[in-house]
Each structure stands twice: as C-alpha cells, then as structure tokens.
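Colleague: Sharing a sequence plus its predicted fold:
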Amino acid sequence: MCVARGDGLPVAMVDTVGAGDAFVAALLAGQAAHWPLALRLARANQFGAAACGWRGAVSPDPDLHARWRAHWSRQVPGEV
C-alpha cells in the first residue's frame with residue numbers, strides 16, 4: 001500500500017468531471033515512463049488540476065496532450 005499526501009493546486013475551476021481520470025492517466029503515464037513516485041504524483045496532481053479548467057471529461061483542445069508531453073520531456077529528472 002502506498003500513502004501519499006500533497007497540497008492541492010490553485011485552479012480556475014470550471015468543471016471537476018474528468019479530473020480523476022486525468023490524474024490517473026498522468027500517474028500511469030509516469031509509471032510507464034519510470035518516473036520516480038514523487039514526480040509521478042506531482043505531475044498527476046498538475047494534470048488533474050488542469051482538467052478542472054475545461055468543461056466536461058475531454059478537453060476541447062486537440063493539442064493538449066502533446067503540449068503536456070513536450071513540457072514534461074523538457075524538464076530535468078526530479079523537476080515537476
């Protein structure tokens with residue numbers, strides 16, 4: 001069992017539908033990419049918070065995931 005605690009992130013709340021799915025998607029992407037657990041959780045928290053910024057479960061932005069992947073790939077290991 002893994003127990004972790006982290007602070008929430010401030011967001012311009014639009015809708016919480018899809019936030020949990022976004023969190024889990026980023027968490028699993030990080031696991032597949034072998035990110036350290038703390039980094040996985042931080043990035044999942046960021047992506048889940050970002051999902052609260054659009055209406056509905058899916059972002060209307062077709063480039064959203066590509067931008068997040070590019071952002072995360074430019075960061076040094078251990079950086080959020």
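Modeller: Right, received. Where do you want to start?

Colleague: show me what contacts the most centrally placed residue in the chain?
Modeller: Central residue of the chain (Cα atoms, centre = their mean): residue 47, 2.2 Å from the mean position. The contact partners of residue 47, taken as Cβ atoms under 8 Å, 6 or more residues apart in numbering, are 22-23, 25-26, 68. C-beta coordinates here come from the backbone N, C-alpha and C atoms, glycine included.

Colleague: Pick out the most distant pair among those.
Modeller: Maximum pairwise distance in these, criterion Cβ to Cβ, is 12.8 Å, between 23 and 68.

Colleague: Tell me where this protein has strands.
Modeller: Taking DSSP state E as the criterion, the chain carries no strands.

Colleague: just checking, what packs against the helix or strand of the chain with the lowest mean pLDDT?
Modeller: The weakest-scoring helix or strand in the chain, judged by mean pLDDT, DSSP states H and E, is helix 64-74 (a mean of 90). The elements that helix 64-74 packs onto, with contact taken as 3 or more Cβ pairs under 8 Å, 6 or more residues apart in numbering; DSSP states H and E, are helix 37-51.

Colleague: List the buried residues in the helix it packs on.
Modeller: Neighbour counts over helix 37-51 (16 or more other Cβ atoms under 10 Å) mark 39-51 as buried.

Colleague: Now do it: distance to the chain's middle.
Modeller: Here helix 37-51 is found 4 Å from its chain centre; the criterion is Cα atoms, centre = their mean, to the nearest Å.

Colleague: What is the neighbour count of the spatially closest residue to residue 15 that is not a sequence neighbour?
Modeller: Nearest residue to residue 15, sequence neighbours excluded (Cβ to Cβ, 6 or more residues apart in numbering): residue 55, at 4.8 Å. Burial of residue 55 is recorded as 11 neighbouring residues (other Cβ atoms under 10 Å).

Colleague: separation between residue 55 and residue 30?
Modeller: Remark: distance between residue 55 and residue 30 (Cβ to Cβ, to the nearest Å) = 26 Å.

Colleague: ditto for residue 44
Modeller: Counting by Cβ to Cβ, the gap from residue 44 to residue 30 is 7 Å.

Colleague: Next one: the closest residue in space to residue 57 that isn't next to it in sequence, what pLDDT does it get?
Modeller: Spatial nearest neighbour of residue 57, chain neighbours left out: residue 18 (3.5 Å); criterion: Cβ to Cβ, 6+ apart. Looking at residue 18, its pLDDT stands at 94.

Colleague: Right, I'll call it a day here.
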